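Trainee: Next one to model:
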Amino acid sequence: MSKRISDEAAAKAMEEIRSGPSSFHHGDSLPYIHKVGAPPKQNLLTEIKHAVKETFFPDNPFGHLKDQPGKRKLFLGLQTVFPIFDWARGYNLSKFKGDLVSGLTIASLCIPQDIAYAKLANLDPKYGLYTSFVAPLVYAFMGSSRDIAIGPVAVVSLLLGSMLTDEISNYKTHDYVRLAFTATFFAGITQMALGLLRLGFLIDFLSHAAIVGFMAGAAITIALQQLKGLLGISTFTKKTDIVSVMRSVWTNVHHGWNWETIVIGVAFLAFLLITKYLAKKNKKLFWLSAIAPLTSVILSTFFVYITRADKKGVSIVKKIDKGVNPASASEIFFSGKYLGAGVRIGVVAGMIALTEAIAIGRTFAAMKDYQLDGNKEMVAMGTMNIIGSLTSCYVATGSFSRSAVNFMAGCQTAVSNIVMSIVVLLTLLFLTPLFKYTPNAVLASIIIAAVVNLVDIDAAVLLWKVDKFDFIACMGAFFGVIFKNVEIGLLIAVAISFAKILLQVTRPRTAVLGRLPGTTVYRNIQQYPNATQVSGMLIIRVDSAIYFSNSNYIKDRILRWVTDENEQRKEGIQYLIVEMAPVTDIDTSGIHAFEYLHKSLQKREIQLVLANPGPVVMEKLHASNLANKIGEDKIFLSVADAVATFAPQAEP
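Mentor: Have a look, this model is predicted:
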């Protein structure tokens, strides 16, 4: 009976609270006010354990091994490292048909792209083919994405070529190739370390806006670099900035351009862009865009061979060595003057390759509604590039264009990568002599057509509409790449991304709250102009954790609010209520800032009231004795409770 009476009393009290604080007057009894609970104290070891778990192991990667027998744990462990052991058990002929078609389709796309991208990295075409043979095989066993297609990509090839030539300007020397293998090795080490140490969250510091700008700038830089092959220019700048490239183009306009090369390049570029347009308009014609590069290579090679256009100044690929990848472990610089450069280039290239691969993998995983383990992907990519560096490959990652074709062709598993790898192997063994007369102009047109989609104008427009700071980050990365080089563009992108984080951390938002009519809900008066402020009270919400980096700003901003509101209001302010629901944490600097705020308000005869502090904040308020200084009776579960308690006293 007593329990029912107390429940009825509580219900009545809540009904009174809902009726609004304005219904309370002097002499009225206040409704039941819930006290803010203090969480149980945790020892330092428990806190550190929780922080480490949430930072490095939020997905509980070893949870599936719990309570399993020894042999079962071994098998599950192998599945974790090699996902192929998991999905291969349910593999069937129906899935193989989809993988076979998609594998053959992306092979027809990757072979001409590999030859072109290797030249973009200032390497012989065979290294592009080597990379598309070994890397996809390794990834098929260790990767967790069903759709990503592995191989050389334009942006990483340009980045690698640009940074390698800064160290060794003569890219025809053997040391240049050795440095490429060294950079690939350390790119793999970087990627594997990030995965094993569970540091995948680091790549998220490169914001989407920065990536959009960086990719667009890289695409334009890559396209401009192809003017050498497209126009038949023999003497061309080694710099990548737009000013140097355009100067090199126009100084050769009268004597360096080759009209036969221009005709071949422009004709096949038009063909590639038309097929890409048709495939975009009609998704069922995706195969048209996929086979267009190989068709272009076959037709142009045949045309040059029968007309002997190479005798008239048309630059051709010339000889591509036959055979499988030779071992290159002895070629890597593990000491000497190029070791430092190899490590630096490898770290940068590895991070960019990883960012692109994770973004692509997540995109297609979302389309097919399955989970992609970022840390497993990093380990797979790292292993793939380490093995690649030992077998004459350069940095490989996920290709967006090939992955899109793979997806649309109906791939089911990573077997499509294996099929593609086998086709590339057969090409290396038997077909490479056929590429001897392939004109470089066609390779240039293939690259230009491939990078066109990297310029995402719609994404830039959306950035402008949603967040101007993001747009600045995007443009900073974009102009850094096209007017200086890829490394500077990347540095600007990272710098602006960090600047945004620092700005948001050091200058968090604060808002004055008012009560929505007919409710006890308090919201930002700028967002809700009809919200009314309570007489004699100023209610402020702090939208951030309070740390050493922003505590003084928050304290000063609150005092400015108090000063401004005191000047505007006739009745003056007697209570300052700070809504602390968004405050997830507070450190000692924040505690000191609130102690100063409390003392400053006391001098102005204003009482400080706190509303809805979280468990971490409440624990620290008690530990620092600030809760006692402010008064336990001035810490409330909600703003409505605080107003219900003090509004009658605040009214004149």
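
Trainee: what are the ranges of the strands in the stretch 101-250 of the chain?
Mentor: With DSSP state E, counting those that start in this stretch as the criterion, the stretch 101-250 of the chain has strands at 149-151.

Trainee: where does it dip in pLDDT?
Mentor: Scanning the stretch 101-250 of the chain for pLDDT under 70 picks out the ranges 204-205.

Trainee: where do the helices sit along it?
Mentor: Secondary structure of the stretch 101-250 of the chain (DSSP state H, counting those that start in this stretch): helices at 125-142, 154-167, 174-196, 208-225, 227-231, 242-251.

Trainee: The longest helix seen in the chain packs against which elements?
Mentor: Assignment by DSSP state H gives helix 339-368 as the longest helix of the chain. Helix 339-368 sits against helix 154-167, helix 174-196, helix 374-389, strand 397-399, helix 400-408, helix 486-506, with contacts defined as 3 or more Cβ pairs under 8 Å, 6 or more residues apart in numbering; DSSP states H and E. Quick note: C-beta positions are derived from backbone N, CA and C, even for glycine.

Trainee: let's go with 6 Å and repeat that
Mentor: Secondary-structure packing of helix 339-368 (3 or more Cβ pairs under 6 Å, 6 or more residues apart in numbering; DSSP states H and E): helix 154-167, helix 174-196, helix 374-389, strand 397-399, helix 400-408.

Trainee: Residue 357 is nearest to which of these?
Mentor: Smallest distance to residue 357 across these (Cβ to Cβ): 3.8 Å, for strand 397-399.

Trainee: Mind listing what's buried along the closest one?
Mentor: Buried residues in strand 397-399, counted by 16 or more other Cβ atoms under 10 Å: 397-399.

Trainee: Looking at these, which is nearest residue 467?
Mentor: The closest of the buried residues of strand 397-399, once distances to residue 467 are taken by Cβ to Cβ, is residue 398, at 27.0 Å.

Trainee: how far away is that closest one from residue 169?
Mentor: Distance of residue 398 to residue 169, given as Cβ to Cβ, to the nearest Å: 31 Å.

Trainee: now do residue 512
Mentor: From residue 512 across to residue 169, the span is 61 Å (Cβ to Cβ).

Trainee: between the two, which one's more packed in?
Mentor: Neighbours were tallied for residue 512 and for residue 169 using other Cβ atoms under 10 Å; the higher tally belongs to residue 512 (17 against 10).

Trainee: Spell out the secondary structure type for the more buried one.
Mentor: Of the three states, residue 512 takes strand according to DSSP: H, G, I helix; E, B strand; the rest coil.

Trainee: circling back to that earlier point, which one of the helices and strands packed on helix 339-368 is the most hemmed in?
Mentor: Comparing the helices and strands packed on helix 339-368 by mean neighbour count (mean count of other Cβ atoms under 10 Å), strand 397-399 ranks first with a mean of 29.

Trainee: So which elements touch it?
Mentor: In terms of contacts (3+ Cβ pairs under 6 Å, 6+ apart), strand 397-399 is packed against helix 339-368.

Trainee: The helix it packs on vs helix 374-389, what angle?
Mentor: Inter-element angle recorded for helix 339-368 and helix 374-389: 130 degrees (by axes from the mean of the first three to the mean of the last three Cα atoms, to 10 degrees).

Trainee: Sort out which residues of helix 339-368 are buried, please.
Mentor: Buried, per 16+ other Cβ under 10 Å, within helix 339-368: 341-343, 345-365.

Trainee: Distance from the chain centre to that helix, please.
Mentor: Distance, stretch centre to chain centre, for helix 339-368: 10 Å (Cα atoms, centre = their mean, to the nearest Å).

Trainee: tell me the mean pLDDT for that helix?
Mentor: Mean pLDDT, computed over helix 339-368, is 89.

Trainee: shift numbering so it begins at 11
Mentor: In the new count, where the first residue is 11, that last one comes out as helix 349-378.

Trainee: Quick check: can you list the domain ranges of the chain?
Mentor: Domain segmentation of the chain under automatic domain parsing yields 54-91, 96-512, 517-660.

Trainee: what sits up against stretch 340-350?
Mentor: Under the contact criterion Cβ atoms under 6 Å, 6 or more residues apart in numbering, stretch 340-350 has outside partners 188-189, 191-192, 195, 352.

Trainee: Give me the pLDDT value at the residue nearest to residue 195 when sequence neighbours are not counted.
Mentor: Leaving aside its chain neighbours, residue 195 sits nearest to residue 399 (3.7 Å; criterion: Cβ to Cβ, 6 or more residues apart in numbering). Listed pLDDT for residue 399 reads 96.

Trainee: Can you report how many residues lie near residue 580?
Mentor: 6.

Trainee: So, low pLDDT: which residues of the protein?
Mentor: Across the chain, the ranges flagged by pLDDT under 70 are 11-45, 47-54, 56-78, 80, 82-83, 85, 214-215, 658-662.

Trainee: Apply 50 and report the result again.
Mentor: Applying pLDDT under 50 to the chain flags the ranges 11-40, 660-662.
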